[in-house]
Each structure stands twice: as structure tokens, then as C-alpha cells.
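# Starting from these lines, generate the structure:
(chains A and B)
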Number of protein chains: 2
Amino acid sequence: MNELRRDPITGRWTIVFLDKTVGVSDFVSEPHMKNKEGCPFCWGHESLTPPEIIAHRKYGPENSPNWSVRVVPNKFPALRIEGELNKEGIGAFDIMNGIGAHEVIVDTPDHFRDMADLSLAETEEVVWAYVARSTDLKRDRRFKYILIFKNYGKSAGASLEHPHSQLIALPIVPKRVHEEIEGAAKYYEYKERCVFCDIARGELTEKDRIIYNGDKFIAFCPYVSRFAYEVWILPKKHMSDFAGMERDCVPCFAKAMRNSLAMIKGLLKDPSYNFIIHTSPINGHDREDYHWHVEIMPKLSKVAGFEWGSGFYINPVPPEIAAKNLLGVKVDEK
Amino acid sequence: MNELRRDPITGRWTIVFLDKTVGVSDFVSEPHMKNKEGCPFCWGHESLTPPEIIAHRKYGPENSPNWSVRVVPNKFPALRIEGELNKEGIGAFDIMNGIGAHEVIVDTPDHFRDMADLSLAETEEVVWAYVARSTDLKRDRRFKYILIFKNYGKSAGASLEHPHSQLIALPIVPKRVHEEIEGAAKYYEYKERCVFCDIARGELTEKDRIIYNGDKFIAFCPYVSRFAYEVWILPKKHMSDFAGMERDCVPCFAKAMRNSLAMIKGLLKDPSYNFIIHTSPINGHDREDYHWHVEIMPKLSKVAGFEWGSGFYINPVPPEIAAKNLLGVKVDEK
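Now for the predicted structure:
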């Protein structure tokens, strides 16, 4: 019989297949057509993007090649940075204008190497770019939340194939974040412990869902994985704000990220995926009840009517099996 | 500038593109490969499914051909109907066994005609099957909610191409339903009016998002459409329970459904879609604050990291334009 598992943070249920699980070879990945012609994110094409916000570059002027990481405004932003925030009501509805920042972090100049293929040093540079942009945008008083995420592959919603991540600064705390924070606060109120710290302790005790155990971070397939081969990365020490990450944490975080993505890529024929950095809202002092983390969601099946209608998920691979399979992938030491 | 619109029921925000909207021809639909060989839902293959639960058949024995609508248990159910419901706690988590019903409604014996292509009389038969199965399963005291939905096309999660809908009876009220009901209850508490009745009144006054206006039901592209060409169908008279629909409502509901799907199919090159019937939980007496309805969600773009991380949606087609375009499609009178 299948098992229903409930996430203690959001109260989300997942149906985990225990009888008839799906094997690694049953997942079909879409091919990633890679063609760098006319790519606005490759060296030499800097003029195809709006002028850069920051870049790591050993020599040469702004908006020239020879960078290793480059951050630019999104050319077709969902939200625009200029203007004042206005809110108004129309009948039963509220509307507001589209104020916000929408930036693209080009992870590497190499069109053909996703984060799974980067060296640890290269991954650290990307992480530094995330931290730098977060720190800068947090100073803008119009913004309440900074969302950093990556869409890799068409079925994960990527429209450009050159490896990149995105950052969106929002004038309100979005609903999903609010739900997660509220859920974590309720748990804290009841138990006087951070729910994420409890989850990390549980995973470290049970061991069978851990895929990376560093000095500062762990990566694991969570007990209530909504998706096959879902991976979470959590700082071992309680920390609520991603941008407040201390310098000495970056190498271990970069390794947890790169290795997790490399295991997923190696095992599952380079699937599309999304990852999202979940952090606390801006102005939220350090929270005792919230813990920043990353959720990596390989796109191996479609979210269908049942999931949409119920908020339940159906996961055909128990996380215990997912972790075991991922650990079978050999990952670079560098 | 784009506009952020807030749904008054769940508090969900959608970024609606007003500057740079996406045209009808910019959407690429996946081809639906139709091959009826070995299809378990075609006439003559009745033995390939578990024995039927109900069927509309003019003559002949159970599990023989000549039916017009047939309901069977899902051969690979997410939840099973046998057994007692058990709940327990494991550390921070709750688990429960997979009790529930998972049924398939085969909409028509014709492998090649989706609900958009059925006659009104055929669609009514499907609606009757939904009502009959809901009414029967509501008697089982283990169930708290009945979810009826349809996945059409691969990218909407359909695994079999023969036109069918699904029904899942759940031992708990799912999270999404709970959220919607709670949101509607808050609105009612504040305004002493049903939020859905208010929405229907607003749409009927403004008129420019209505695509079908029958005597008992309306179909419209909601002001806060999350998806391009999203359509909602709502009874004009307040009703909280789908299965309690009166007999004289069925023809108008079937027409609203069939016509909406036919317009979407005609305009957008037969896209994949999901629809979900949103109704009140079982044992919930008639609720003043909740209103059953259908949400049709064409799968024209991918849900990506931003949507996952924030619960915001990005809709590149203002519903006012969507409605105008849909109304341009000629629909059968029968």
C-alpha cells in the first residue's frame, strides 16, 4: 500500500509509492538542444543584454568578455525597478503596479556547462554573486522579499539554454513564503524548536536519506519529498537569512549544491530541474523559527489535475531509494 | 507596465502582462499522437480494465461494449479503497495509509473525440456520471472530499490518450481546498456575501471577460487568471456542492463546459489542459460562504522556479483579450 506523508512545515501531504515504485530508467529526459549561435550570455555578445549590474572579471572594461560570472537585468522583466509602488482596490480585487527587480545571473561563460558541471571554485563564484545581489537589493526599502531560483531545461521553464539563474525582488512577501514561515512559526510556538533544525537532526540520525554531509551543510532527499529525486540543502547551524551567510560557509554550500546537481545529472540522464533558495523576508530580523534552505526539484513527471486540485503530490520514488541511487554516482573532487 | 492582480479568495497574486502580451500564434501545442491499438478504454477491450463500477449502456451485459460512458476503478490507483484509515506520528512527521477511491470516467467510446468534440447530450451523460459517483462515494464515512478532474494531453499529465476524467475520494480535506474555503469564509465573515457570487456579479456587469452566459451558468476568463486562457464556470445561483446540482441545471452546465473547451481547442490548436471541479467537503452542510465551480487551465506555458518559489503566477495574456479571442471561435449548437 502507498503511504501518505505529511510535511510538518506547510501541512502538505504526499502520496509516496511503496508498492510499485518507478525505476531510474523509466524516466525519460527531454533532450537539451544546445546551440550557442546568437546566445546573449556568451562571451562577445555582451551588447545583446542590458548593461551589466556586476561581473567577476580579471581584466578588461565593463560589458566586455573575460568575465566568469555576470549579472544583468532581465531584458523582458516580469517586474520593473523604476517607479513608486501603488496599490488600489477594484471591486473585490486588489491591484498593484509591477514594481520589482528581475535580474539574470549568468553562471559561467561556457554555454555547455550547467552548475552540475562547474568546478567547486566556479560554483563558489556563482554563490558570491547571489549573496552580493541580495545584499545590495535588500537596501531598497520598496522590497520585501528576494527570490533566487534556477530553471534548467525547457520543461522547467527555461527560455534560454545558456546556464543562468534568476533573482526577483518583490514588493510583498509572496504567499508560498508566507505559508512556509507561518507553518514554521506554529511549530516553533508549540515545540520551541526550529522545525528545520528538527528535520536536519532527524535526517542525520536516520542517515538513509542523506546524500552529502559537509561540515556546515547537509543535502538529503527529504522524508516528505513531493517529487522523485527532490533534494534539500540545509545549513547545519540555525540561520534564517541566505544573504547573511558567513564567508566560511560558502565553500561547503557550493559543494553541497554542485555535488547534488551532479548526482542528479549523472543518475537521471541530465533532467530539467528547478531550484529555489528559500530565505526569510527582508526586515525580518534573524528569526529563531525559520531556517533558510534550497529545494531542488527535478522535473521527471508532470504536475497534473490531482496535484492542482488538492495540493497533494504523488511521488513514485521513495526518498530512501532516491538517496541510495544518487549516492551511487561518482562526483568530482574539485 | 505589468499589473499585479490579487485573487480575493486565496490571496494569490498574478502578474498580468499589459505591455508585451503573447499572441495566439505564439503558443506551440504539443501534437497529440492518437493510436487506439490496445487502448483499454475502447469498445471491445473492457476486460483490460478492472470490472466497471457503473456504465450507461442501452443493451448488453456489464463489461461488454455498447456503452456511452463507463466508470472503472483506476488500475494503478494512487489510493486504495480497501482497509481502515490509520494515522500515526513519526518524529516531526505524520503518516497515514493510502485509503481512498480512485476511479476513471471514460467520457466516450470514441478514442478520438475529447469533451470539446462531444455533443451536448454526450457531455450531459458524462456530467451525470460525475454526479452519480460523487453521490455514491459521499456515503462512505471514511471520505472527506471528492475531487473530479481531467488531464488532457501529455503535458497536462495524461498517461492514456483515450478521453477520460478522474475521480479521487480522499480521507482528508486537501490543503488547497482548505485554503480556498478558508479564504471564502473570511470574505463572507467580513462582507456577509459569498465571494464567488460577488465575482459572478462583477463579471456579468463588466461583461468583457464572459465567454458563455446561460440561464444557470456562466463561463468567463477570470480577472485574476493565473494562466493564459484560463476559464472558470460558475453556477449563477449560489450552490456549494457539485453533487447537489439539480437535474434542470445539468444541460446548461454541460453546455458551458463543452463550449468553453471547444473554444479553447478551436482557438489554440488543441492544447493540453486540466480542469478541476472545486466543491465543498463532504459533511459540510450547504455552505453560505462557498460556491462550487470549475477551473479550466490550458497548459500553454510551464510553471517555473518563480511560480514554485513565490506562489505568484505570470500570465502573458490579459483575460480581457483571452475572452475576446475565445468568443471569435464558432461553436456547434448541438
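
# show me where the stretch 151-300 of chain A has helices.
A:175-191, A:195-206, A:250-267 (DSSP state H, counting those that start in this stretch).

# ranking those by burial, who's on top?
Each of these was scored by mean neighbour count; the highest is helix A:250-267, a mean of 22, by mean count of other C-beta atoms under 10 Å in any protein chain shown. C-betas here are computed from N, CA, C, even on glycine.

# Just the C-alphas of that helix, formatted as PDB.
In PDB, the C-alpha atoms belonging to helix A:250-267 read as follows (Å, rounded to 0.1, in the frame of the first residue of the first chain):
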ATOM      1  CA  VAL A 250      30.400  29.400   1.100                       C
ATOM      2  CA  PRO A 251      32.700  26.600   0.100                       C
ATOM      3  CA  CYS A 252      30.700  24.000   1.800                       C
ATOM      4  CA  PHE A 253      27.400  25.300   0.400                       C
ATOM      5  CA  ALA A 254      28.800  25.400  -3.100                       C
ATOM      6  CA  LYS A 255      30.000  21.800  -2.700                       C
ATOM      7  CA  ALA A 256      26.600  20.700  -1.500                       C
ATOM      8  CA  MET A 257      24.900  22.400  -4.400                       C
ATOM      9  CA  ARG A 258      27.300  21.300  -7.100                       C
ATOM     10  CA  ASN A 259      27.500  17.700  -5.900                       C
ATOM     11  CA  SER A 260      23.700  17.300  -5.500                       C
ATOM     12  CA  LEU A 261      23.200  18.600  -9.100                       C
ATOM     13  CA  ALA A 262      26.000  16.400 -10.400                       C
ATOM     14  CA  MET A 263      24.500  13.300  -8.800                       C
ATOM     15  CA  ILE A 264      21.000  14.200 -10.300                       C
ATOM     16  CA  LYS A 265      22.500  14.800 -13.700                       C
ATOM     17  CA  GLY A 266      24.700  11.700 -13.600                       C
ATOM     18  CA  LEU A 267      21.900   9.400 -12.500                       C
END
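
# Which neighbouring elements make contact with it?
With contacts taken as 3 or more C-beta pairs under 8 Å, 6 or more residues apart in numbering or on different chains; DSSP states H and E, helix A:250-267 sits against helix A:120-137, strand A:210-213, strand A:217-220, strand A:231-235, strand A:273-278, strand A:293-298, helix A:319-327.

# In JSON lines: the helices of the stretch 151-300 of chain A, plus mean pLDDT.
JSON lines is the format used below for the helices of the stretch 151-300 of chain A (pLDDT from 0 to 100):
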{"stretch": "helix A:175-191", "mean pLDDT": "93"}
{"stretch": "helix A:195-206", "mean pLDDT": "95"}
{"stretch": "helix A:250-267", "mean pLDDT": "97"}
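
# which stretch among the ones you listed comes nearest B:Tyr188?
Taking C-beta to C-beta, helix A:175-191 is the member of those nearest to B:Tyr188, at 20.2 Å.

# Could you tell me how far that closest one lies from the centre of the chain?
When C-alpha coordinates are averaged (C-alpha atoms, centre = their mean, to the nearest Å), helix A:175-191 and its chain have centres 19 Å apart.

# As CSV, could you dump the C-alpha coordinates of it?
Output in CSV follows, covering the C-alpha atoms of helix A:175-191 (Å, rounded to 0.1, in the frame of the first residue of the first chain):
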residue,chain,number,x,y,z
LYS,A,175,2.1,33.7,-0.5
ARG,A,176,4.1,30.5,-0.6
VAL,A,177,6.9,32.1,1.5
HIS,A,178,4.3,33.4,4.0
GLU,A,179,2.7,29.9,4.3
GLU,A,180,6.1,28.3,5.0
ILE,A,181,7.0,30.9,7.5
GLU,A,182,3.7,30.7,9.2
GLY,A,183,3.9,26.9,9.4
ALA,A,184,7.4,27.1,10.8
ALA,A,185,6.3,29.7,13.4
LYS,A,186,3.4,27.5,14.5
TYR,A,187,5.8,24.6,15.0
TYR,A,188,8.2,26.8,17.0
GLU,A,189,5.4,28.1,19.1
TYR,A,190,4.3,24.6,20.0
LYS,A,191,7.7,22.9,20.4
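
# by how many degrees do that helix and helix B:175-191 diverge?
Angle, helix A:175-191 to helix B:175-191, by axes from the mean of the first three to the mean of the last three C-alpha atoms, to 10 degrees: 90 degrees.

# coming back round to it: how about a markdown table for the helices of the stretch 151-300 of chain A, with distance to A:Val231 added?
Shown next, in a markdown table, are the helices of the stretch 151-300 of chain A (distance: least, C-beta to C-beta, whole Å):
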| stretch | distance to A:Val231 |
| --- | --- |
| helix A:175-191 | 17 |
| helix A:195-206 | 12 |
| helix A:250-267 | 5 |
